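[1] coords please:
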Amino acid sequence: MQTAQTVAKTGDTVHVHYTGRLDDGSVFDASEGRDPLAFTLGQGQVIAGFDDAIAGMEVGATKTVRIPVDEAYGERRDELLIEVPRTQLPEGLEVEVGMQLQLRREDGGAMPVTVADAAEGSITLDANHPLAGQALTFDLQLVAIA
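    So this is what the prediction gives:
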């Protein structure tokens, strides 16, 4: 018989070991060698599909789940490609395609972007999440419920 302490439910703080893979089998992130990921179920602290996959698991249980694009980081959006004149870049900044930068938002927060193109007079920044447009597969183990 399952008890409330051994089954993860909304509002619980859970500790999860995971390995995340893309459809081509490449690993994009894993908790191996680190503390398990801790988060509160149902609070939007992780992508929806990850949250849903942990709900109902028992402590010690493992599973593999494939999270579709719409429950992961969503589709890539062209409106998140931003062209910036090189004159607006900090003096001396040498940019290369693939470089990670941060833009300051109007609220003062930082928005991570990736240099998608570096032309002579401007650069194109991509504000999509690096995993946008991709389904994600996770091997999960529920380690603890706090």
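
[2] Surely Ala144 forms part of a strand?
    Yes. When DSSP: H, G, I helix; E, B strand; the rest coil is applied, Ala144 is found to be in a strand.

[3] Quick one: residues contacting it.
    Residues near Ala144 by CB atoms under 8 Å, 6 or more residues apart in numbering: 14-15, 36, 59. All C-beta atoms are positioned from the backbone trio N, CA, C, and that covers glycine.

[4] Can you turn the buried part of those into a PyMOL selection?
    Of the contacts of Ala144, the buried ones go into a single PyMOL selection, burial set by 16 or more other CB atoms under 10 Å:
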select buried, resi 14+15
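
[5] hey, where'd the helices end up in this structure?
    Along the chain, the stretches classed as helices by DSSP state H are 48-54.

[6] If you average pLDDT per helix and strand, which one of it comes out bottom?
    strand 100-104 (a mean of 90; mean pLDDT, DSSP states H and E).

[7] what about the strands in the chain?
    13-21, 27-30, 37-40, 62-67, 81-85, 100-104, 110-118, 122-126, 136-145 (DSSP state E).

[8] among the ones you listed, which is nearest Ile47?
    Proximity to Ile47, assessed across the strands of the chain by CB to CB, is greatest for strand 62-67 (6.8 Å).

[9] Could you tell me which strands sit next to the closest one in the sheet, and their orientation?
    strand 136-145 (antiparallel) (DSSP bridges).

[10] could the contacts of Ala144 go into CSV alongside pLDDT?
    Putting the contacts of Ala144 into CSV (pLDDT from 0 to 100) gives the following:
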residue, pLDDT
Val14, 97
His15, 97
Pro36, 97
Val59, 96
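
[11] Could you list the domains of the chain?
    Domain segmentation of the chain under automatic domain parsing yields 13-74+131-145, 78-126.

[12] follow-up on the earlier one: so which bits of the least confident helix or strand of the chain are buried?
    Leu101.

[13] quick one, it and strand 122-126 angle?
    Using axes from the mean of the first three to the mean of the last three CA atoms, to 10 degrees, the direction of strand 100-104 lies 90 degrees away from that of strand 122-126.

[14] If you count contacts, what does strand 100-104 end up packed against?
    Where contact means 3 or more CB pairs under 8 Å, 6 or more residues apart in numbering; DSSP states H and E, strand 100-104 is packed against strand 110-118.
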